[in-house]
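Asker: mind looking at a prediction? Sequence and model below.
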Amino acid sequence: MKPSHTITGLFCALAIGGFASAAPLTGSGPNLPIPSPNPGAPTGQANTLVTSGPGFTGTWTAPALSPWIGTYSAFGPIPSSNANPAGFTRYDFTTLPTGVLPVGTYFWFGDVDGGSTTTEQFILNAYDSAGALINTPWLDEPFGVNGTGLSPTAMPGWNWDAGTSTYTIDGTSVVGNPSIGVWMESNTGIARMDLTRTSNFANFNLWAPVPAPATGAIFALGALGASRRRR
């Protein structure tokens, strides 16, 4: 393969930065698997959340990748911090550049356990651009976990109910009171999403990928190669 093609292919892989080897999250179990190897938290950008009336907006800016740069709206409480109430939140991603929450969005679930002596769960449904319920598993297995107290039994449980196309991330099976964040990635474009947070001690947010640190170096290599070809 010519060096210029090698550089181009490597740049594409670095710029996308996805975790293509992850399998769709299906079935159920008392503890989500810890990925091996475990890279911890990804390089990404949390959306900036601003309360607006009975809901809020979420915004990504550069250096987030271009399909994410923009603002979406949500109706309901921000599903993080115990300063915000638990409850139902409906997300509308149709104002983002591609009309959907792009494939490869990072879903972060934080501190989902039983340490607060409350039932800490997240219940999620996703919808396509036609308004139909997405009935195939649209999240992948965890690709990273970070925090303190990490062990197999510190991971929350999960359930993918194929009959109702519903994900449940469940902290009731967690042993002890760890403080960990679980990172998963979407594998389907999502126009709208419903999320229920049953306790305000658990946290959720969406992150956009950003260009990998090596991307600039790859650009430089590509420019050097082009310069040499022009001589």
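Answerer: In hand now; what should we look at? Numbering: from 1, shown residues only.

Asker: and Gly44, what does it touch?
Answerer: Applying Cβ atoms under 8 Å, 6 or more residues apart in numbering to Gly44 gives the contacts Ala64, Tyr106, Trp207, Ala208, Pro209, Val210. C-betas here are computed from N, CA, C, even on glycine.

Asker: which of those residues sits closest to Gly27?
Answerer: Proximity of those to Gly27 was ranked by Cβ to Cβ; the top entry is Tyr106 with 21.8 Å.

Asker: burial check on Val103, number of neighbours?
Answerer: Residues lying near Val103 (other Cβ atoms under 10 Å) number 16.

Asker: and it, what element?
Answerer: Using DSSP states H and E, Val103 maps to neither a helix nor a strand.

Asker: tell me where this protein has helices.
Answerer: Applying DSSP state H to the chain gives helices spanning 3-16, 215-230.

Asker: lowest average pLDDT across the ones you listed?
Answerer: Of all those, the minimum mean pLDDT falls on helix 3-16 (a mean of 35).

Asker: please tell me I have it right and Val50 contacts Thr57.
Answerer: Yes - with contact defined as Cβ atoms under 8 Å, Val50 and Thr57 form a contacting pair (5.1 Å).

Asker: neighbour-wise, which of these two wins?
Answerer: Set Val50 next to Thr57 and count neighbours by other Cβ under 10 Å: Thr57 wins out with 16 against 11.

Asker: how close does the more buried one sit to Pro152?
Answerer: According to Cβ to Cβ, to the nearest Å, Thr57 and Pro152 sit 37 Å apart.

Asker: what's the answer for Met184, then?
Answerer: For Met184 relative to Pro152 (Cβ to Cβ), the value is 17 Å.
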